[in-house]
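Colleague: Provided below for reference: sequence and predicted model.
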Amino acid sequence: MRNIWTIAKREYKTFFASPAAYVVAGILYLILGVIFYINVAAAMTQQYVPDVQVVISPLVTLLIFATPAITMRLLAEEQRLGTMELLLTAPVRDWELVVGKWLGGFLFLLTVIAVTLLYPVVLNQLIDPGIDQGLMVSGYLGLILLTGSLVAIGVAISSLFSNQIAVFFATMGAFLLLWIIGMPTQLMGGTSGEVLRYLDLSEHFYSTFYIGMIDLRDLVYYLSLTALALFFGTVSVEMRRWR
Amino acid sequence: MIQVEGLTKDYGARRAIEDLSFQVGRGEIVGFLGPNGAGKTTTMRILCGYMPPTAGKASIAGFDVIEQSLEVRKRVGYVPETVPLYPDMTVWEYLKFMADLRHLPDAEDKVDDVLELVHMEARAEGYISNLSKGMRQRVGLAQALLHQPEVLILDEPTIGLDPAQVFEVRNLIREIGRERTVMLSTHILPEAQQVCNRVLIINKGRIVAEDSPEQLQARLSGGMRIALRVAGEASGLAELITPIKGVNHILEVRQDGLDLLSDPGVDVRPEIARAVVNARYELVELKSIGLSLEEIFLQLTREESSIETGLVTESALADNGHEGETNA
Ligand SMILES: Nc1ncnc2c1ncn2[C@@H]1O[C@H](COP(=O)(O)OP(=O)(O)OP(=O)(O)O)[C@@H](O)[C@H]1O
Ligand SMILES: [Mg+2]
């Protein structure tokens, strides 16, 4: 447990020394701000009341693109620097390493997400009688769970290569695939359709958290996806020793 | 302290080390000597628990490197060949991180201690990316010493250093070796000679010789290298010397004499002196200058490759002063 924290802490600090992380966060805030401004302006002129979804909806999409850029270095960089040899010969279990990496990346993205709370706060001031707080809480909870899963998948893929660019594209590909895998099931019936829809990352977000509902099944889905990805990451690190 | 038995490692189809067996006692400084690709790094990585062997067993301080890997890792300090460090951390941050991974009590004091030991206090707050190669090497060493390990494993600790730094690192290793078991790999022979109590020579994944530097030299060279120097005319010396009993062969003919290799166990110098003087050469020097480790090493590895299967036994090497005859 202590090792997980040691590794996560180092990782978290490294992000703040990394220009790439600032660029990713900066772009995310910029796009989010522009969309927010357009939405609020449109709402003003067209006389409707925007809700917190004008923040959450683009934020989800932006996280799908930002997360690979944040997670790509987690294990791949250790491999490239050769520091993997240091970590794998220190008295640290493989799963502690993987979970520590995950926690570091997750905490950093949580920090990024925390800053976006500024937009709902601003929105709350702009509209009367304020935003729907339930919608905001469930939306952000879903966002956090989703991010946890994304980072876990990112760590697992980061353990496969030492080239960060390769990791970035592989991770992005995996995210997009999982994001849309449920789509064709609208045409498809039967159990295979059900299975695909269950696997879909977006399905568990948009059909509940996004519209203000919290369903235990979605919670279980995101938590087990996170655990599964971390398990694969650990296996992959172990396999690396056998090569 | 270190026990290795029948260690074999295959990378895919390539066999990196084969049936390696050796032991290192407490407090020994053992040199692991071999050319590029001999399998030094592979062996050390297995010992440190970085990867499991394909076959065989190894244990450190009584703990099996596979079954009790964590126990082994707690007791070993390891500096990999590439001295991996995090360039975006300061020296102090890095050492603190490594100390925390080892759950050291008073981690900050321990960091200060090792910094002092490797003379890097002045650069503690500096970023690792700004350090010279030698300083990095020292930081790597500091990291390996944090937990005062029973066993220190150093993969080519002096590679890429300037002579002054090499000198310093060697002294440091000798200092450390007074209390701890050290295993270091190198392909620099004088280094093994200067630093180690014992040398293991490895080539193509097999141990080809094992002894103290002095013994190894004596055993492997078999005979002595003898330098004969005369004043004035030196032609015809080789013809005169070769038939003498106990002269193995002429190593080198020079303008002022020659170097020869004697058979093991005999001192041919009186015989040579007599012959040379009787033949009216003006003898000015006749001395024994044992083979250097370089020569032994070249001889060993050359013989190893000249026999296709590489099956040179230690005993065959031990009574070998006869170049070429081991081919039989
Ligand atoms: N990760 C790897 N994958 C495949 N083959 C490897 C790997 N590491 C080493 N080898 C091979 O195993 C053999 C032994 O390599 P090793 O690195 O142990 O040698 P070494 O004695 O440390 O050499 P050097 O003096 O160059 O460091 C070599 O033939 C090498 O090509
Ligand atoms: Mg090596």
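Modeller: Happy to help now that I have it. Residues are numbered from 1 along each chain as shown, chains lettered A, B, ... in the order given. Ligands and ions are numbered 1, 2, ... in the order given.
Colleague: per-residue pLDDT, B:Asp162?
Modeller: pLDDT, B:Asp162: 81.
Colleague: just the one 5 residues further on next, same as before
Modeller: In the prediction, the pLDDT value recorded for B:Phe167 is 87.
Colleague: How many neighbouring residues does it have?
Modeller: 13 (other CB atoms under 10 Å in any protein chain shown). Every C-beta, even on glycine, is put in place using the N, C-alpha and C of the backbone.
Colleague: how far is the host helix or strand of it from where the chain is centred?
Modeller: Applying DSSP states H and E as the criterion places B:Phe167 in helix B:163-177. Put simply, helix B:163-177 sits 15 Å off its chain's centre (CA atoms, centre = their mean, to the nearest Å).
Colleague: got a list of contacts for that helix?
Modeller: Residues outside helix B:163-177 that contact it (CB atoms under 8 Å, 6 or more residues apart in numbering or on different chains) are B:27-29, B:117-119, B:134, B:137-138, B:141, B:145, B:152, B:154, B:157-158, B:161, B:182, B:184, B:191, B:194-195.
Colleague: Just the buried residues of that helix, please?
Modeller: Under the neighbour-count criterion of 16 or more other CB atoms under 10 Å in any protein chain shown, helix B:163-177 has B:Gln165, B:Val166, B:Glu168, B:Val169, B:Arg170, B:Leu172, B:Ile173, B:Ile176, B:Gly177 buried.
Colleague: Quick check: the fourth one vs chain A, distance?
Modeller: Yep, that's B:Val169 we're talking about. With distances taken as CB to the nearest CB, to the nearest Å, B:Val169 is found 19 Å from chain A.
Colleague: same check, this time on B:Ala227
Modeller: Between B:Ala227 and chain A the distance is 47 Å, computed by CB to the nearest CB.
Colleague: What about that residue, how many residues nearby?
Modeller: 17.
Colleague: Packing partners of the strand or helix carrying it?
Modeller: Element membership of B:Ala227, judged by DSSP H and E, is strand B:225-231. Here strand B:225-231 touches helix B:237-241, strand B:257-262, helix B:269-278, strand B:282-288, going by 3 or more CB pairs under 8 Å, 6 or more residues apart in numbering or on different chains; DSSP states H and E.
Colleague: Give the other helices and strands that the longest one contacts.
Modeller: Secondary structure elements in contact with helix B:269-278, counted by 3+ CB pairs under 8 Å, 6+ apart, are strand B:225-231, helix B:237-241, strand B:282-288.
Colleague: before we move on, the earlier item: now the helix or strand just after the helix holding B:Phe167: how far from the chain's centre is it?
Modeller: Moving toward the C-terminus from helix B:163-177, the next helix or strand (DSSP H and E) is strand B:181-186. Taking the mean of its C-alpha atoms, strand B:181-186 sits 8 Å from the chain's own mean (CA atoms, centre = their mean).
Colleague: In the sheet, which strands lie alongside strand B:181-186, parallel or antiparallel?
Modeller: Sheet pairing for strand B:181-186, assigned by DSSP bridges, gives strand B:29-33 (parallel), strand B:151-155 (parallel).
Colleague: ok and that strand relative to helix B:163-177, angle-wise?
Modeller: Orientation check (axes from the mean of the first three to the mean of the last three CA atoms, to 10 degrees): strand B:181-186 against helix B:163-177 gives 150 degrees.
Colleague: now strand B:181-186: mean pLDDT?
Modeller: Rounded mean pLDDT across strand B:181-186 is 93.
Colleague: Three-state assignment for B:Arg26, please.
Modeller: coil (DSSP: H, G, I helix; E, B strand; the rest coil).
Colleague: All set, thanks.
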